[in-house]
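Q: structural data only, the sequence is not supplied:
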Ligand code: S3P
């Protein structure tokens, strides 16, 4: 079931390059890939998914839905057929979701509405991340769980008689929202999730494609999503759009490397995911977006970036949900800008694959960039025309986005930048090294 290209592991060093140029198809989106597998596995019948991201996080979800009762088959590169039976059953052993926060949190929600018992586990990074934010609302709906302090491993006991809830998550999290909505597919009545700040809406966009009775409505800066339970989902074929979060690395590399021009085709252009582009434009970046159709209900663009000196800006907290995964690479881009960049409202970064706020600050400091780190903010004093010193080693803390950000920094810095381990890059962007090489940046 799993594609068998061995992932790169161990330390790597990225050396300064003269220029980057070329056109790449954007890597498939991780969030949409997880959801496509889950919805297909919930439906009654066969769905074909193409352009599925074949990363470690996503294949962990594929194995988990197979263990919960779906038939999962890889037909060829990126093409998978998932045949659901409309009902999930207890798996024979623990479901190991590896490093995948989206995988484990959404699966707990989706599984909660069936008469089953499942144990969810993960790697050391995932086992340190909070699960109560999902388990608490699921408990209100009638699912039971056992864990130590709301951390993995979690033993979940689902129920086919879940109660609908009207819930406002205490944190801006698409994973929390989605877990409740997936459980709500089986609840007896209307489940409502209210978000003060809208987070990525891929669950709401995809659910109706599979025949679910779910809809979202804007509510100021927030969102109200309603799902009425009880429908058996129907199969649906879809193609996964390109991942804006993975595209951000080539985009960032082009912006900080002199004389560079890079185009990424087929990038998902979703208002809850594209906050980085507006920020970069405010910093003076030369970005062009050309509409490129739709996939899986999501708009696509071809995205082009050209290098040039950027200027530091203040980035307010309300922008965070639309670019939450992009702060490590944005902090690198800010290090190359002229002047100071202030990023606010970042407490949630401390609950990601690593404490991304502290890890980003440490990454920059190790390479000669002056930073100020607060409980929920980061200030980066850009090096401007003098350039980023580089020459440091980045501690990646089991975090794929730290590893890729550190390597991108090395492409534009005055001296090479090393990262202590690249193994986790395979969780979200297994094509990272070949994509960077294709743009003119081989990383040894
Ligand atoms: C995701 C939601 C975000 C994001 C993660 C993917 C999703 O997490 O950081 O990479 O697919 O729903 P939170 O919901 O915890 O903010």
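A: Right, received. Where do you want to start? Owing to the predicted nature of the structure, the values given are computational and were not obtained by experimental measurement. Residues are numbered from 1 along each chain as shown.

Q: the closest residue in space to residue 69 that isn't next to it in sequence: how many residues sit nearby?
A: Nearest residue to residue 69 in three dimensions, chain neighbours excluded: residue 89, at 4.7 Å (C-beta to C-beta, 6 or more residues apart in numbering). Where C-beta positions appear, they are placed from N, C-alpha and C, glycine not excepted. Using other C-beta atoms under 10 Å, residue 89 is surrounded by 15 other residues.

Q: so who does residue 89 touch?
A: 68, 69, 114, 116 (C-beta atoms under 8 Å, 6 or more residues apart in numbering).

Q: any residues of the stretch 1-150 of the chain in contact with the ligand? List them.
A: Residues of the stretch 1-150 of the chain lying near the ligand by C-beta under 6 Å from any ligand atom: 31, 102.

Q: isn't residue 275 up against residue 319?
A: Yes. Using C-beta atoms under 8 Å, residue 275 makes contact with residue 319 at a distance of 5.0 Å.

Q: list the contacts of residue 195.
A: If you count contacts by C-beta under 8 Å, 6+ apart, residue 195 has them with 168, 169, 172, 177, 219, 222, 223, 224, 225.

Q: follow-up on the earlier one: roughly how far does the residue nearest to residue 69 sit from the ligand?
A: 25 Å (C-beta to the nearest ligand atom, to the nearest Å).

Q: does that residue count as helix, strand or coil?
A: Recorded secondary structure, residue 89: coil (DSSP: H, G, I helix; E, B strand; the rest coil).

Q: confidence score at it?
A: Here, the pLDDT recorded for residue 89 equals 98.

Q: could you break this protein into its assigned domains?
A: 12-28+241-438, 30-239 (automatic domain parsing).

Q: ok, now which ones touch residue 183?
A: Contacts of residue 183 (C-beta under 8 Å, 6+ apart): 109, 110, 112, 113, 138, 141, 143, 162, 191.

Q: cutoff 6 Å now
A: Counting by C-beta atoms under 6 Å, 6 or more residues apart in numbering, residue 183 touches 109, 112, 113, 138, 141, 162.

Q: helices - which of those residues land there?
A: If you go by DSSP state H, the contacts of residue 183 have 109, 138, 141 in helices.

Q: okay, now the nearest residue to the first one once chain neighbours are set aside: neighbour count?
A: The shortest distance from residue 109 to any residue that is not its chain neighbour, by C-beta to C-beta, 6+ apart, is 2.9 Å, and that residue is residue 179. By the criterion of other C-beta under 10 Å, residue 179 has 30 neighbours.

Q: surely residue 179 touches residue 134?
A: Yes. If you go by C-beta atoms under 6 Å, residue 179 and residue 134 touch, sitting 4.5 Å apart.

Q: export the contacts of residue 89 to a markdown table and tack on pLDDT and distance to residue 42?
A: Listed next are the contacts of residue 89 as a markdown table, based on pLDDT from 0 to 100; distance: C-beta to C-beta, whole Å:
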| residue | pLDDT | distance to residue 42 |
| --- | --- | --- |
| 68 | 98 | 10 |
| 69 | 98 | 10 |
| 114 | 98 | 10 |
| 116 | 98 | 13 |
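
Q: between the two ends of stretch 219-235, what distance do you get?
A: 31 Å (C-alpha to C-alpha, to the nearest Å).

Q: could you pull up the mean pLDDT of that stretch?
A: The average pLDDT within stretch 219-235 is 97.

Q: quick one: distance of that stretch to the chain centre.
A: 21 Å (C-alpha atoms, centre = their mean, to the nearest Å).

Q: thinking again about what came up before, how much space between the residue nearest to residue 69 and residue 381?
A: From residue 89 across to residue 381, the span is 56 Å (C-beta to C-beta, to the nearest Å).

Q: over to residue 93?
A: Taking C-beta to C-beta, one finds residue 93 at 50 Å from residue 381.

Q: name the residue of the stretch 1-150 of the chain that lies nearest to the ligand.
A: Nearest residue of the stretch 1-150 of the chain to the ligand (C-beta to the nearest ligand atom) works out as residue 31 at 3.2 Å.

Q: contacts only, for that residue.
A: residue 202.

Q: state the distance from it to residue 205.
A: With C-beta to C-beta as the criterion, residue 31 and residue 205 are 11 Å apart.

Q: equivalent analysis for residue 243, please.
A: 15 Å.

Q: that older thread, redo the domains of the chain as a markdown table? Include distance to residue 444.
A: Converted to a markdown table, the domains of the chain look like this (distance: least, C-beta to C-beta, whole Å):
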| stretch | distance to residue 444 |
| --- | --- |
| domain 12-28+241-438 | 6 |
| domain 30-239 | 22 |
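
Q: and the helix or strand where residue 49 lies, how far out from the chain middle?
A: Using DSSP states H and E, residue 49 falls within strand 44-50. Taking C-alpha atoms, centre = their mean, one finds strand 44-50 lying 23 Å from the centre of the chain it belongs to.

Q: list the buried ones in that strand?
A: 47, 48, 49, 50 (16 or more other C-beta atoms under 10 Å).

Q: if I look at the second one, how far off is residue 186?
A: Think residue 48. Using C-beta to C-beta, residue 48 is found at 24 Å from residue 186.

Q: picking that back up, highest neighbour count among the contacts of residue 183?
A: Among these, residue 112 has the most neighbours (other C-beta under 10 Å), with 32 neighbours.

Q: how about the backbone phi and psi for the residue lying closest to that residue once chain neighbours are set aside?
A: Leaving out its chain neighbours, the residue that sits closest to residue 112 by C-beta to C-beta, 6+ apart is residue 143, at 3.8 Å. Main-chain dihedrals, residue 143, degrees, to the nearest 10: phi -90, psi 140.

Q: surely residue 143 is in contact with residue 110?
A: No. Using C-beta under 6 Å, residue 143 makes no contact with residue 110, being 11.1 Å away.

Q: which one of the two has more residues nearby?
A: Counting neighbours by other C-beta under 10 Å for residue 143 and for residue 110 shows that residue 110 has the greater number, 26 against 23.

Q: all helices of the chain, in order?
A: 30-42, 56-67, 101-111, 124-127, 132-141, 174-184, 202-206, 244-256, 275-282, 327-336, 356-365, 400-412, 432-438.

Q: what's in contact with the second one?
A: Outside helix 56-67, the residues within contact range by C-beta under 6 Å, 6+ apart are 2, 33-34, 37, 41, 72, 91, 95, 97-98, 100, 103, 107, 426-427.
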